[in-house]
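Novice: I would like the atomic coordinates for the input below:
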Amino acid sequence: MPEVERQTIAQIFRYLKELDQLRYPLVKNVSSQSGLIWLRDLPDHPCVERGALGEKIFGGRAVPANTDCDSDFFLKLRRPVLTECPPPPAQIAEWVMPGWTDVTQEALVYDVRPAYSDATGPTATVSFNSDPERISALVRWRMVRESWARTEGPARAALELFERTYEVRTQIEREGERVELVLGDGHLAIPARDIQHPILLRRVTLEFNPDVPEFVFRPTSHPVELYEGVLLQIPDLNGSQKTALAQELTESQYQPFGGDETDRFLRRMAQGLFAPHGEFLGFNPPDERSPGATIWRSPVIFLRRRTLGFSIAVERALQDLSSREELPQALLRIAGFGSVDDGERANSTADGDEDASILFSKEANEEQVRIVRRLRQNQCVVVQGPPGTGKTHTIANLLGHLLAEGKSVLVTAHTTKALRVLRDKVVPRLQPLCVSVLDNDKQSQDQLSNAVQEIAFRLSGSDVEKLLAEAKELEAQRKKLLEDRAAARHQLWEARISEIDDITFGDRHVRPVDAARTVRAGLWADDWIPSPITPGIALPLMPQECVELYRTNGTVTPEDERELSELLPDAQQLPQPTLFAELVREHVLLCHQKDLRPELWDGVESDKHLARFD
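Specialist: Numbers count the residues shown, from 1 in each chain. Predicted coordinates:
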């Protein structure tokens, strides 16, 4: 059974790989790439400045002596100032053929021209060589024009290169999430498979300074990579040798603008991967009739699409799948062999259920809480959605939570723009802690410097005890806020559930909508129950008892009603029956003896006072 699962998952990966190749066919010929700039064809002009990063990047030509050897660029392009072609003298102006202003063409003159004697038309033809003065004027003008062409030709070529680079920059700004600029070298040529593409690649940046104006090409901090996509198209390739060379490239980082070390690496690649007919030709292009694989050097800048890594990632996943003993649960579920855990299925936030261990730095919703809980269970989670659904906000919130747990977070993206937008979404107090390692542009370098300085400042100026006390106080405040929010949510839940929960009267349960209809129907008819009343209790009287109660309106006299309306004494203040009986007996005894010894009564009006006991 495990082997069946492994084969099913491998089949899914192979399907994804083939689908990606159908949607984005692999570019095997560099001429099909856009934005091509061959460094071997750079014009020799002061506005085209070659950097000193490599000794052979420009076809083996020496780097100019005035080049800054400490520079981190390999090419600068400035816009040249063009001059107009010197006009021909008046005596040969009518003899010069059109196109004499084109620096790439030779200035030619007509051999003969018609001669006019009057307005009736030509009467004869005149030869250019018939006048020695015309010949001398042409020779002098051609010398002046050739001097102009020697300087103007490279200038116009530099302007064309500048304008082409501007188009490349425009495409990068327009499609920055789809394309990237790459410097390639080590062209692999296999005519039988229509392969003609550099296999040694390094990403570069294109900076533009509008004040000059000037373009600057710089290498990024990304490592040099092999164009593995085209290597995967060769079935009989020496796989172990390729792995060893890839490992060597990772460790040594041979550059596309490198010198002898890069030559030796490409030679080993040609002779090791494509033995026995592989050949390294240096800076000499191969013969079209060469039957075997050849590698030769000619650095070129071009734009490539960013989806190339998908096929490579799938290929590496297939290699890992063949040797992995334990298959990931996520892949098993995708292949239909796994099941969702019950706890994971019920993993949701109930109303009023607040998790105090989740520390978000921004506003959050239930989905973000579920993402954190899923991370704790499975250590991985995929969040997808169309633009504008809050994915960047979610990532910024997760950064705050993970940092609060004492973890370090690495965020990667296909484009620099995506990382900059994410950094802006992070709360201001955490932004200085975000060390941005982006392209080699000035803004990224400034962010990196500021982040390091802020981290060093916080570490040097922080008091551990003070921070712990502040954290404890904030934790107490947060706990109180969570309790208040939970209570408010519970009250809100009760208020909402009361709209649909049954109303209970004793053993009876009535829906609120039915009770509302009954009350509305009995308005001004049944609303006779006096207050105060206790909600939720059953009616204390039976219907017949209510009828008997209303019948007393005719049987009870007004005097009875007044007597019944009097307040009853508090039972706690009345004497006990035995004590009351003893007092009555004593009262009766005293009444019989009031005629004895009358001097003891002091003339008290006993009848008036005794009436109070009636």
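
Novice: contacts, neighbours, all on C-alpha from now
Specialist: Fine.

Novice: where does the prediction get shaky in the stretch 251-400 of the chain?
Specialist: Residues of the stretch 251-400 of the chain meeting the criterion pLDDT under 70: 289-291, 307-309, 338-354.

Novice: repeat for the chain
Specialist: Where the chain drops to pLDDT under 70, the residues are 1, 53-71, 116-123, 289-291, 307-309, 338-354, 438-445, 528-529, 536, 593-614.

Novice: quick one, strands of it?
Specialist: Secondary structure of the chain (DSSP state E): strands at 34-38, 48-50, 75-78, 112-118, 121-127, 179-190, 195-209, 214-219, 225-226, 279-280, 294-296, 300-305, 503-505, 508-510.

Novice: list the residues that contact L183.
Specialist: 201-204, 256, 299-302 (CA atoms under 8 Å, 6 or more residues apart in numbering).

Novice: repeat the analysis, applying 6 Å as the threshold.
Specialist: Applying CA atoms under 6 Å, 6 or more residues apart in numbering, we find L183 in contact with 201-202, 300-301.

Novice: which of these has the most neighbours?
Specialist: V300 (24 neighbours; other CA atoms under 10 Å).

Novice: if I look at that one, how far off is V369?
Specialist: Separation of V300 from V369 (CA to CA, to the nearest Å): 49 Å.

Novice: R193 and V48, how far apart?
Specialist: Separation of R193 from V48 (CA to CA) stands at 36 Å.

Novice: nearest to V179, of the contacts of L183?
Specialist: I301 (12.9 Å; CA to CA).

Novice: nearest residue to that closest one other than its sequence neighbours?
Specialist: Closest residue in space to I301, ignoring its immediate chain neighbours: L183 at 4.5 Å, by CA to CA, 6 or more residues apart in numbering.

Novice: thinking again about what came up before, need the contacts of L183 in a markdown table (columns: distance to A313).
Specialist: Listed next are these as a markdown table, based on distance: CA to CA, whole Å:
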| residue | distance to A313 |
| --- | --- |
| L201 | 17 |
| R202 | 18 |
| V300 | 26 |
| I301 | 24 |
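
Novice: now, the most widely separated pair of those?
Specialist: Pairwise over these, using CA to CA, the maximum falls at R202 and V300, 10.8 Å.

Novice: on that earlier part again, most packed of the strands of the chain?
Specialist: Highest mean neighbour count among the strands of the chain (mean count of other CA atoms under 10 Å): strand 294-296, with a mean of 27.

Novice: packing partners for that strand?
Specialist: Here strand 294-296 touches strand 179-190, strand 279-280, going by 3 or more CA pairs under 6 Å, 6 or more residues apart in numbering; DSSP states H and E.

Novice: okay, angle between the first one and strand 214-219 too, please.
Specialist: Strand 179-190 and strand 214-219 meet at an angle of 60 degrees, taking axes from the mean of the first three to the mean of the last three CA atoms, to 10 degrees as the criterion.

Novice: okay, angle between strand 179-190 and strand 195-209 too, please.
Specialist: With the same axes, to 10 degrees as the basis, strand 179-190 and strand 195-209 are set at 150 degrees to each other.

Novice: tell me the strands beside strand 179-190, with direction?
Specialist: Sheet partners assigned to strand 179-190 using DSSP bridges are listed as strand 195-209 (antiparallel), strand 294-296 (antiparallel), strand 300-305 (antiparallel).

Novice: from the chain's centre, how far out does that strand sit?
Specialist: Its chain's C-alpha centre and that of strand 179-190 lie 29 Å apart, by CA atoms, centre = their mean, to the nearest Å.

Novice: nearest residue to the middle of this structure?
Specialist: In the chain, the residue lying closest to the centroid (CA atoms, centre = their mean) is T392, at 4.6 Å.

Novice: need the contact list for that one.
Specialist: T392 neighbours (CA under 6 Å, 6+ apart): L422.

Novice: do E366 as well
Specialist: Under the criterion of CA under 6 Å, 6+ apart, the contact list for E366 is empty.

Novice: related to what we said a few turns ago, between the contacts of L183, which is closest to F217?
Specialist: I301 (9.6 Å).

Novice: for the closest one, list each beta-bridge partner.
Specialist: Beta-bridge pairing for I301 (DSSP bridges): I37, L183.

Novice: quick check: it vs K391, distance?
Specialist: Taking CA to CA, one finds I301 at 34 Å from K391.

Novice: do N284 as well
Specialist: For N284, the distance to K391 - CA to CA - is 51 Å.

Novice: out of the two, which sits in the more crowded spot?
Specialist: Counted by other CA under 10 Å, N284 and K391 do not tie: K391 has more neighbours, with 16 against 12.

Novice: quick one: that one from Q368, how far?
Specialist: For K391, the distance to Q368 - CA to CA - is 10 Å.

Novice: what of V411?
Specialist: Per CA to CA, V411 is found 18 Å from Q368.

Novice: with Q377 instead?
Specialist: 15 Å.

Novice: now swap in D236 and tell me
Specialist: 49 Å.

Novice: before we move on, what about Q576?
Specialist: Using CA to CA, one gets 71 Å for the distance from Q576 to Q368.

Novice: so the two - more neighbours on which side?
Specialist: Q368 (20 against 11).

Novice: could you find the closest non-adjacent residue to that one?
Specialist: Q368 sits nearest to T394 (CA to CA, 6+ apart), 6.5 Å away.

Novice: do the same with A157
Specialist: Closest to A157 by CA to CA, 6+ apart is P43, at 6.1 Å.

Novice: surely the one you found is in contact with P154?
Specialist: Yes: counting by CA atoms under 6 Å, P154 is a contact partner of P43 at 5.4 Å.

Novice: thinking again about what came up before, closest to L399 out of the strands paired with strand 179-190?
Specialist: strand 195-209 (27.9 Å).

Novice: and the angle from the top helix by length along the chain to strand 300-305?
Specialist: Counting by DSSP state H, the longest helix found in the chain is helix 132-174. Counting by the same axes, to 10 degrees, helix 132-174 lies at 40 degrees to strand 300-305.

Novice: helices or strands up against helix 132-174?
Specialist: When contacts are defined as 3+ CA pairs under 6 Å, 6+ apart, helix 132-174 packs onto no helix or strand at all.

Novice: where along the stretch 451-600 of the chain do the helices fall?
Specialist: 464-497, 512-521, 543-555, 558-565, 577-592 (DSSP state H, counting those that start in this stretch).

Novice: TSV for these, including mean neighbour count?
Specialist: As requested, these are exported to TSV (neighbours: other CA atoms under 10 Å):
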stretch	mean neighbour count
helix 464-497	13
helix 512-521	12
helix 543-555	10
helix 558-565	10
helix 577-592	11
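
Novice: and the ones you listed as CSV, adding distance to F457?
Specialist: Shown next, in CSV, are those (distance: least, CA to CA, whole Å):
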stretch, distance to F457
helix 464-497, 14
helix 512-521, 63
helix 543-555, 83
helix 558-565, 84
helix 577-592, 89
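
Novice: so which of those comes closest to R268?
Specialist: Nearest of the helices of the stretch 451-600 of the chain to R268, taken as CA to CA: helix 464-497 at 56.5 Å.

Novice: show me how far that closest one is from its chain's centre.
Specialist: 30 Å.

Novice: likewise stretch 170-183?
Specialist: Here stretch 170-183 is found 18 Å from its chain centre; the criterion is CA atoms, centre = their mean.

Novice: now do the same end-to-end measure for that stretch.
Specialist: 18 Å.

Novice: nearest to L188, of the strands paired with strand 179-190?
Specialist: Using CA to CA as the measure, strand 294-296 is the one of the strands paired with strand 179-190 that comes nearest L188, at 4.7 Å.

Novice: before we move on, the earlier item: as CSV, the strands paired with strand 179-190 with distance to Y24 would be great.
Specialist: As requested, the strands paired with strand 179-190 are arranged in CSV below (distance: least, CA to CA, whole Å):
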stretch, distance to Y24
strand 195-209, 17
strand 294-296, 26
strand 300-305, 9
